[in-house]
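Novice: here is my input, please return the structure:
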Amino acid sequence: MLKNFRLIAAVFFFLLTTLLFLDFTGVIHQWFGWLAKIQLIPALLATNAVIITIIVILTLFFGRIYCSVICPLGVLQDGISHLAGQIKGKKNRFRFAPAKSWLRYGVLALFIIALVAEISVFVSVLDPYAAYGRLASNFFSPLYRQGNNLLAFFAEKIDSYSFYSTEVWIKGWITFGTAAVTLFVVGILAWRNGRTYCNTICPVGAFLGFLSRFALFKLTVNKEKCTECRRCERNCKASCIDGNAMNIDYSRCVGCFNCVKMCRSDAIRYTLPKIDKIPKTDKNTKIPVPIKNNQNSLSRRVLISLFATFAFTKTLKAQQKLQGDGGLATIEDKKIPDRKTPIVPPGALGAKNMKTHCTACQLCVSACPNNVLRPSEKLATLMQPEMSFERGYCRLECTECSQVCPAGAIKPITRADKTAISIGLPVWIKEKCIVNTDQVQCNVCERHCPTGAITRIDREPNNSDSLKIPVIDKELCIGCGACEHLCPARPFSAIYVEGNLRHHSI
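Specialist: The predicted structure follows:
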């Protein structure tokens with residue numbers, strides 16, 4: 001019964017979290033956007049004390065339920081492991097393995113140091129939610145959109161417009177490659193040994209595993225009922241049950257309840273453990289055999305000190321933050337200009353806030369309906385979103401990215417807020433403007449500027465028939481990129497946007 005409840009809950013969380021990365025209409029986010037905000041690392045970066053407290057309390061009461069139900073990467077591993085068992089036709093295929101505590105707590109310590117030192121690349125790669133987000137947005141989302149486009153094609157044939165086509169493209173090859181490597185590593189480990197990744201590499205698993213050692217409800221073995229068949233050990237995908245010692249490593253147990261279901265003698269129960277445990281005795285001598293302790297772990301004081309340092313740093317920083325028109329002709333594709341300062345979305349406050357809070361989960365990239373967000377390829381901000389306007393521009397009525405970000409990298413804003421936030425400033429390159437290169441009049445940038453920041457003046461003031469060139473009022477520009485996107489100059493626009501390090505109001 002416990003396993004069935006867990007499976008139903010895990011499928012619910014997994015499918016809806018996946019849909020957050022597939023949905024391009026925004027409907028799913030309106031109802032289930034909270035699923036992204038209850039992930040541990042985004043909650044830490046957003047300094048969401050309520051969510052962090054709930055996860056900690058949940059773990060201290062019931063163990064690593066978070067890992068087996070809420071974490072999408074953990075549920076994905078369960079799915080791969082189950083599929084492996086079905087294909088191989090093997091039951092009872094797992095074995096107890098001693099904990100590699102030096103590895104998992106070593107990775108956790110490095111992860112905490114990276115959080116404090118704001119080394120975003122390391123945080124992005126190891127955050128399990130962000131890792132799954134990259135898998136969903138790079139592998140599942142293109143398939144989902146292709147299926148939608150196929151339905152739109154057939155619907156149009158019968159004069160139905162219930163579906164509409166959407167663009168499918170690889171938004172970043174480095175991010176795609178990182179997702180592929182993650183899928184390969186996680187997939188191989190899950191295929192062979194179940195939850196190995198969770199218990200050796202994942203920093204969230206290591207942290208919650210440390211807390212789960214003190215959980216109120218635990219799996220306990222009734223040694224009088226146990227027949228030593230070891231079915232529990234051979235079905236434990238976390239490899240944390242030692243059948244010889246009748247001991248469970250609670251720091252690695254993910255609460256899958258496979259052992260409870262497989263035990264034929266009802267010797268394993270999920271309950272409050274008794275304080276006085278009956279020691280196992282040798283069958284011949286009847287002498288009590290000491291139970292082995294397989295929970296080798298990092299010193300409690302060291303681990304608590306690391307988290308205290310991180311919490312203090314985050315609190316201190318939080319306090320500091322308080323004080324183209326192209327007709328029907330085929331047009332050459334635009335190329336990305338060499339921006340000295342990347343552009344980050346409205347609501348991000350600036351490049352620094354984005355760098356220190358973003359986990360590169362790609363949720364905002366997937367949700368952007370204008371195709372202006374794509375993963376960065378710069379090492380310092382690798383895979384974090386930045387804006388570019390080759391495929392569209394940031395429309396004033398759209399605030400999707402600010403509504404879906406779970407980590408506080410992009411703060412929620414309204415449409416009214418967006419019209420007054422300057423994220424960048426345009427730069428006009430006269431040598432590329434078609435007024436100068438082709439000697440023809442053009443007013444595209446002026447006509448499409450939503451804030452009236454671009455006007456035109458005579459190129460030759462003393463000539464009444466002079467062509468007009470654009471001038472920019474920096475006090476009005478918000479950096480939406482409409483001018484850059486719609487500029488008819490190719491392959492580089494004659495006007496492009498440079499990002500502002502810190503956003504400001506106009």
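Novice: could you use CA atoms for every contact and neighbour count after this?
Specialist: Will do.
Novice: what helix or strand is the nearest residue to Leu211 once chain neighbours are set aside on?
Specialist: Using CA to CA, 6 or more residues apart in numbering and skipping residues adjacent in sequence, the residue nearest Leu211 is Leu60, 6.2 Å away. Using DSSP states H and E, Leu60 sits within helix 49-62.
Novice: check which helices and strands that helix sits against.
Specialist: helix 40-45, helix 203-212 (3 or more CA pairs under 8 Å, 6 or more residues apart in numbering; DSSP states H and E).
Novice: rounded mean pLDDT for stretch 378-390, please.
Specialist: Mean pLDDT, stretch 378-390: 93.
Novice: now do that stretch: everything it contacts.
Specialist: 119-121, 172, 174-175, 333-336, 342-345, 354-355, 358-362, 364-365, 372-377, 481-482, 484-485 (CA atoms under 8 Å, 6 or more residues apart in numbering).
Novice: quick one: low-confidence ranges for the stretch 251-400 of the chain?
Specialist: Where the stretch 251-400 of the chain drops to pLDDT under 70, the residues are 273-331.
Novice: that older thread, looking at the helices and strands packed on helix 49-62, which is nearest to Cys442?
Specialist: Nearest to Cys442, of all the helices and strands packed on helix 49-62, is helix 40-45, at 46.1 Å by CA to CA.
Novice: what about Asp159, neighbour count?
Specialist: Residues contacting Asp159 under the criterion other CA atoms under 10 Å number 8.
Novice: and it, that's in a strand?
Specialist: No: applying DSSP: H, G, I helix; E, B strand; the rest coil, one finds Asp159 to be coil, outside a strand.
Novice: what separates Ala36 from Trp428, distance-wise?
Specialist: In this view, Ala36 and Trp428 are 40 Å apart by CA to CA, to the nearest Å.
Novice: among the two, which residue is more densely surrounded?
Specialist: Ala36 (25 against 18).
Novice: put the buried members of the contacts of stretch 378-390 into a PyMOL selection.
Specialist: In PyMOL, a selection of the buried entries from those looks like this (16 or more other CA atoms under 10 Å):
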select buried, resi 119+120+121+175+334+342+343+344+345+354+355+358+359+360+361+362+364+365+372+373+374+375+376+377+481+482+484+485
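Novice: show me the contacts of stretch 378-390 that map onto strands.
Specialist: Within the contacts of stretch 378-390, residues falling in strands by DSSP state E are 373-375.
Novice: for these, which one is nearest Leu143?
Specialist: Using CA to CA, these come closest to Leu143 at Arg374, 18.4 Å.
Novice: just checking, that closest one touches Trp173?
Specialist: No: using CA atoms under 8 Å, Arg374 makes no contact with Trp173, being 10.3 Å away.
Novice: give me the common contacts of the two.
Specialist: Counting by CA under 8 Å, 6+ apart, nothing touches both Arg374 and Trp173.
Novice: where along the stretch 151-300 of the chain do the helices fall?
Specialist: 173-193, 196-200, 203-212, 231-234, 258-262, 300-322 (DSSP state H, counting those that start in this stretch).
Novice: before we move on, the earlier item: what are the contacting residues of the next helix or strand after the helix holding Leu60?
Specialist: Using DSSP H and E, the helix or strand that follows helix 49-62 in sequence is helix 65. Outside helix 65, the residues that touch it by CA under 8 Å, 6+ apart are 58-59, 254-255.
Novice: again with stretch 209-222
Specialist: 56, 59-64, 246-248, 250-253, 267-273, 297.
Novice: and those residues, which of them are buried?
Specialist: For the contacts of stretch 209-222, buried by 16+ other CA under 10 Å: 56, 59-64, 246-248, 250-253, 267-269, 297.
Novice: list the contacts for Ser260?
Specialist: Heads up, residue 260 is Val, not Ser. Contacts of Val260 by CA under 8 Å, 6+ apart are 232, 266, 268-270.
Novice: including distance to Asp159, could those residues go into CSV?
Specialist: Putting these into CSV (distance: CA to CA, whole Å) gives the following:
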residue, distance to Asp159
Cys232, 58
Asp266, 61
Ile268, 60
Arg269, 59
Tyr270, 57
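Novice: take those and keep only those in strands.
Specialist: 268-270.
Novice: what lies in contact with the longest strand along the chain?
Specialist: For the chain, the strand reaching the highest residue count under DSSP E is reported as strand 495-505. The contact list for strand 495-505 (CA under 8 Å, 6+ apart) reads 337, 339-344, 346, 348-352, 420-429, 433, 479, 481, 483-484, 487.
Novice: which non-adjacent residue is nearest Trp169?
Specialist: Take Trp169 and drop its neighbours on the chain: the residue closest to it by CA to CA, 6+ apart is Pro142, 7.5 Å away.
Novice: for the one you found, what are phi and psi?
Specialist: phi -60, psi -40 (degrees, to the nearest 10).
Novice: show me how the chain divides into domains.
Specialist: Per the record, the chain has its domains at 2-212, 419-506, by automatic domain parsing.
Novice: any chance of those in CSV, with mean pLDDT and distance to Cys401 too?
Specialist: Formatted as CSV, those follow (pLDDT from 0 to 100; distance: least, CA to CA, whole Å):
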stretch, mean pLDDT, distance to Cys401
domain 2-212, 93, 10
domain 419-506, 94, 14
